[in-house]
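K.L.:
just coords:
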């Protein structure tokens, strides 16, 4: 648990600007509470304010990145589920504890909160971070805490348009939240999620404006994505948002598809190269995605388990953040 001015060379005022006195008071309250072990009542007396105001100042300090809370979990003491996933699938696992009785939407919210707090410390300056759109990443984007980086770029992994909408508003809001949280430049990918014809995609990929985004994707240092699944408790946006018609869904069934990452589909064994719809998709080639050094997959809900197994079989993730129920099903199948 650190305040940002404990970090070498950190510029507190520049890293997490707050209006005038509120910034100073939030920092003072955080230092007293986290570094000096003072109670909120004692801090209230020193600042000549109320205990409720101190509580709000501490919340502000956490939300704006003045305070970063980190729970260390050494590999040799990691919970059994995380160890089993690490050994079996070769990924760094972060299992989110949840009760069996809570709803799918509550599970998603808890996974999103932990994912956001896990991703934050991994963000660096001079990075290119690919972000996919979808229900899970939308939830994660709402819980990001500020961490100032320099010369970093958030790039959209796949187009979001379809016959009903350009998809620009939906995708741009997710990207905007990531960019705002990390002080990064945002690069949108204003193409449809799927072209009607593979030949159209081939031609578009030669356009200089499109090539600029593709070049950024090829230089990604990190990719963040969820796993799409037709039958999930909270429907994946690509299946519920009008992106696929009946013929497309029948084609996916014929190709024995179990899920997708950034609208690129795969089977249970991880194979994907001969799936017809991938030739029309604007998502990154999965062989290319595997070359990114850090690939963070966020999954919420046991109904996505088949898609998750396929993604792991394809070697798409280096880091996996998932709920406890999904983790149990993953290792006990």
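P.N.:
On my side now, so go ahead. The shown structure was predicted, so the numbers you read here are calculated from the model rather than taken from an experiment.
K.L.:
Please enumerate the strands of the stretch 151-300 of the chain.
P.N.:
All strands of the stretch 151-300 of the chain, identified by DSSP state E, counting those that start in this stretch, fall at 153-156, 185-187, 222-226, 257-261, 264-267, 294-299.
K.L.:
Oh, that last question was meant for the stretch 1-150 of the chain, not what I typed.
P.N.:
Ranges of strands in the stretch 1-150 of the chain, per DSSP E, counting those that start in this stretch, are 2-3, 67-68, 92-96, 128-131.
K.L.:
quick one on the thing from earlier: could you dump the strands of the stretch 151-300 of the chain to a markdown table with distance to residue 122?
P.N.:
(Glycine included, C-beta is placed from N, CA and C.) Formatted as a markdown table, the strands of the stretch 151-300 of the chain follow (distance: least, C-beta to C-beta, whole Å):
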| stretch | distance to residue 122 |
| --- | --- |
| strand 153-156 | 14 |
| strand 185-187 | 18 |
| strand 222-226 | 7 |
| strand 257-261 | 19 |
| strand 264-267 | 23 |
| strand 294-299 | 7 |
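K.L.:
Including mean neighbour count, could those go into CSV?
P.N.:
Converted to CSV, the strands of the stretch 151-300 of the chain look like this (neighbours: other C-beta atoms under 10 Å):
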stretch, mean neighbour count
strand 153-156, 24
strand 185-187, 15
strand 222-226, 27
strand 257-261, 27
strand 264-267, 24
strand 294-299, 24
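K.L.:
For residue 195, which of these is the nearest?
P.N.:
Smallest distance to residue 195 across the strands of the stretch 151-300 of the chain (C-beta to C-beta): 13.5 Å, for strand 264-267.
K.L.:
Parallel or antiparallel, list what pairs with the closest one.
P.N.:
Using DSSP bridges, strand 264-267 pairs in its sheet with strand 257-261 (antiparallel).
K.L.:
tell me the average confidence for the partner strand?
P.N.:
Averaged across strand 257-261, pLDDT comes to 94.
K.L.:
which one of the strands of the stretch 151-300 of the chain lies closest to residue 197?
P.N.:
strand 264-267 (17.4 Å).
K.L.:
how near is residue 127 to residue 40?
P.N.:
To residue 40, residue 127 is 37 Å away according to C-beta to C-beta, to the nearest Å.
K.L.:
go on, residue 92?
P.N.:
Using C-beta to C-beta, we find residue 92 at a distance of 36 Å from residue 40.
K.L.:
Can you tell me which of the strands of the stretch 1-150 of the chain is most buried?
P.N.:
Mean neighbour count (mean count of other C-beta atoms under 10 Å) peaks for strand 128-131 among those, with a mean of 26.
K.L.:
Check the offset of it from the chain's centre.
P.N.:
10 Å (C-alpha atoms, centre = their mean, to the nearest Å).
K.L.:
same question, stretch 89-109
P.N.:
On C-alpha atoms, centre = their mean, the centre of stretch 89-109 falls 14 Å from that of its chain.
K.L.:
Now do that stretch, average pLDDT.
P.N.:
Across stretch 89-109, pLDDT averages out at 91.
K.L.:
mind listing what's buried in stretch 100-118?
P.N.:
Buried positions in stretch 100-118, judged by neighbour count with 16 or more other C-beta atoms under 10 Å: 107-112, 114-118.
K.L.:
Same check on stretch 54-61?
P.N.:
By neighbour count with 16+ other C-beta under 10 Å, stretch 54-61 contains the buried residues 54, 56-58, 60-61.
K.L.:
if I look at residue 331, how far off is residue 83?
P.N.:
10 Å.
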